[in-house]
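Engineer: Model the structure of this input:
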Amino acid sequence: MDKLIDTNRAKELRQLIERSSKIVLTCHVRPDGDAIGSTLALWHLLHTLGKEATVVVPDKAPSNLAFLPGFKEIGVFTCHPKFCETTFAEADLVICCDFNTPSRQDMLAPVMLEAKATKVLIDHHQEPDDFTSLVFSYPDMSSTCELVFRVIAAMGLYGEVNLDCATCLLTGIITDTRNFSVNCKHTDLYDILMRLLEKGVDKERIVKEALSTRSLSSLRLEAYAISEKMEIFPKHKAALITLSKEELERFSYERGDTEGLVNRPLEVRGLVYSIFMREDADCIKVSARSCEGFPVSEICKNLYGGGGHLQAAGGEFYGSLEECRKLLIDNMENYDKYLRKGKY
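Structural biologist: Model prediction:
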């Protein structure tokens, strides 16, 4: 189970934890199930070990994750900046989860970087920046939560994983794999599932709360996006959805309401990749998903200064929504070479 993890690095992390008295766990801006799941899972583990630990996130997590044990104890930088700054300043160990570059922390990044504490990175995104002294980077993992489970096992601490820790871990795995339907490269991921279920985790509840429960307004927003805003490009096997600030406001948009929307076009037979563009206050947020090995990460990297995984990536565009849309459409043919001939 832990053979993929460097045992020397796992030993070094355990020693760091044992020597530390105040530990901060942090993740990326607009935290999702994997970001919150991995930080809270380690938070529960550290409390079991008798350590003083705090989860600090750049901004609020979506309400569909509020069922997670410990959710109410999370420090949110946009809500309580002084508390978060003090927590980082007093820490002697910072564990960064589910992001590969400080910029993914937005306004929290300088606070994290200025902390004098030893820093550790546990992440499954490609090409991590060099900003921590100890790195666990495994891009072929389904999720950071899968990686955290393996690191815990490699440290010899699996026995300290309680129900709350296991619940958080499985939530991150389920949300990043869409309930084990994508990104399941390692077959022993199902062994990890069984180990977590043995801890008493309620998988059905996680699926319901994290993936299947939403507000009425978010359901109406998705219906509008699919029926009125989804564009199909048959030649390129692609779909595009764009939503403006005005459209989001019309449906009383709250953070997390469009989670998973980018995946919906891939349910259409013959489509290979899907792009979703959402107009935020300062930029256009771009999300991309694909199947059959199509590298949407290349699109996000080349056109929108982003990246991520081969089949799940994102980026940002500083301009109008229409300019963002046109940039993609004008460049679609450049990525047709990645379509598998005769496959569809």
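
Engineer: Helices of the stretch 101-250 of the chain, residue ranges please.
Structural biologist: Along the stretch 101-250 of the chain, the segments classed as helices by DSSP state H, counting those that start in this stretch run 109-114, 144-154, 163-177, 189-198, 203-206, 216-224, 245-250.

Engineer: Which of the ones you listed sits closest to Y338?
Structural biologist: Judged by Cβ to Cβ, the one of those that comes nearest to Y338 is helix 163-177, at 22.6 Å. Using the backbone N, CA and C atoms, a C-beta is placed for each residue, glycine as well.

Engineer: Could you list every helix and strand in contact with that closest one?
Structural biologist: Contacts defined by 3 or more Cβ pairs under 8 Å, 6 or more residues apart in numbering; DSSP states H and E place helix 163-177 against helix 33-48, helix 144-154, helix 189-198, helix 203-206.

Engineer: can we see that at 6 Å?
Structural biologist: helix 33-48, helix 144-154, helix 203-206 (3 or more Cβ pairs under 6 Å, 6 or more residues apart in numbering; DSSP states H and E).

Engineer: relative to helix 33-48, how tilted is the next helix or strand after the longest one?
Structural biologist: Pointing back at helix 33-48 there. Next helix or strand after helix 33-48 toward the C-terminus (DSSP states H and E): strand 52-57. Interaxial angle, strand 52-57 versus helix 33-48 (axes from the mean of the first three to the mean of the last three Cα atoms, to 10 degrees): 170 degrees.

Engineer: neighbouring strands for strand 52-57, and are they parallel or not?
Structural biologist: Partners of strand 52-57 in the sheet, by DSSP bridges, are strand 22-26 (parallel), strand 75-76 (parallel).

Engineer: Return the residue spatially closest to I232, with its sequence-adjacent residues excluded.
Structural biologist: Nearest residue to I232, sequence neighbours excluded (Cβ to Cβ, 6 or more residues apart in numbering): A239, at 5.5 Å.

Engineer: ok, now which ones touch that neighbour?
Structural biologist: 230, 232, 265, 271, 274 (Cβ atoms under 6 Å, 6 or more residues apart in numbering).

Engineer: Over to T171?
Structural biologist: Applying Cβ under 6 Å, 6+ apart, the residues near T171 are 33, 37, 206, 210.

Engineer: ok, now how distant is it from S212?
Structural biologist: Distance, T171 to S212, by Cβ to Cβ, to the nearest Å: 13 Å.

Engineer: Same check on G156?
Structural biologist: 36 Å.

Engineer: And for H309?
Structural biologist: From H309 to S212 the distance is 23 Å (Cβ to Cβ).

Engineer: With D280 as the reference, name the closest of the helices and strands packed on helix 163-177.
Structural biologist: helix 33-48 (18.1 Å).

Engineer: re earlier: could you export the helices and strands packed on helix 163-177 as TSV, including mean neighbour count and distance to E249?
Structural biologist: Formatted as TSV, these follow (neighbours: other Cβ atoms under 10 Å; distance: least, Cβ to Cβ, whole Å):
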stretch	mean neighbour count	distance to E249
helix 33-48	26	26
helix 144-154	27	32
helix 203-206	16	31
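
Engineer: Can you name the element that comes right after the lowest-mean-pLDDT helix or strand in the chain?
Structural biologist: Lowest by mean pLDDT, DSSP states H and E among the helices and strands of the chain is strand 307-308, with a mean of 83. Sequence order places strand 312-317 as the next helix or strand after strand 307-308, per DSSP H and E.

Engineer: Next, the angle from the following helix or strand past that next one to strand 312-317.
Structural biologist: Moving toward the C-terminus from strand 312-317, the next helix or strand (DSSP H and E) is helix 321-331. Using the same axes, to 10 degrees, the inter-axis angle of helix 321-331 relative to strand 312-317 is 130 degrees.

Engineer: Buried residues, helix 321-331. List them.
Structural biologist: 321, 324-325, 328 (16 or more other Cβ atoms under 10 Å).

Engineer: from those, which is closest to A117?
Structural biologist: For those, the nearest to A117 is C324 (38.1 Å; Cβ to Cβ).

Engineer: how close does the closest one sit to F180?
Structural biologist: Taking Cβ to Cβ, one finds C324 at 33 Å from F180.

Engineer: one step back: which other residues reach the least confident helix or strand of the chain?
Structural biologist: Contact partners of strand 307-308, identified using Cβ under 6 Å, 6+ apart, comprise 297, 300-301, 313-314.

Engineer: what about that strand, distance to the chain center?
Structural biologist: Averaging C-alpha positions (Cα atoms, centre = their mean, to the nearest Å) puts strand 307-308 11 Å from its chain's average.

Engineer: What strands line up against it, and which way round?
Structural biologist: For strand 307-308, pairing defined by DSSP bridges yields strand 312-317 (antiparallel).

Engineer: Could you tell me the angle between the strand it pairs with and helix 163-177?
Structural biologist: 70 degrees.

Engineer: hang on, the earlier thing: just the buried subset of the contacts of A239, please.
Structural biologist: So, by 16+ other Cβ under 10 Å, the buried ones in these are 230, 265, 271, 274.

Engineer: which two in these are spaced the farthest apart?
Structural biologist: M230 and L271 (10.3 Å).
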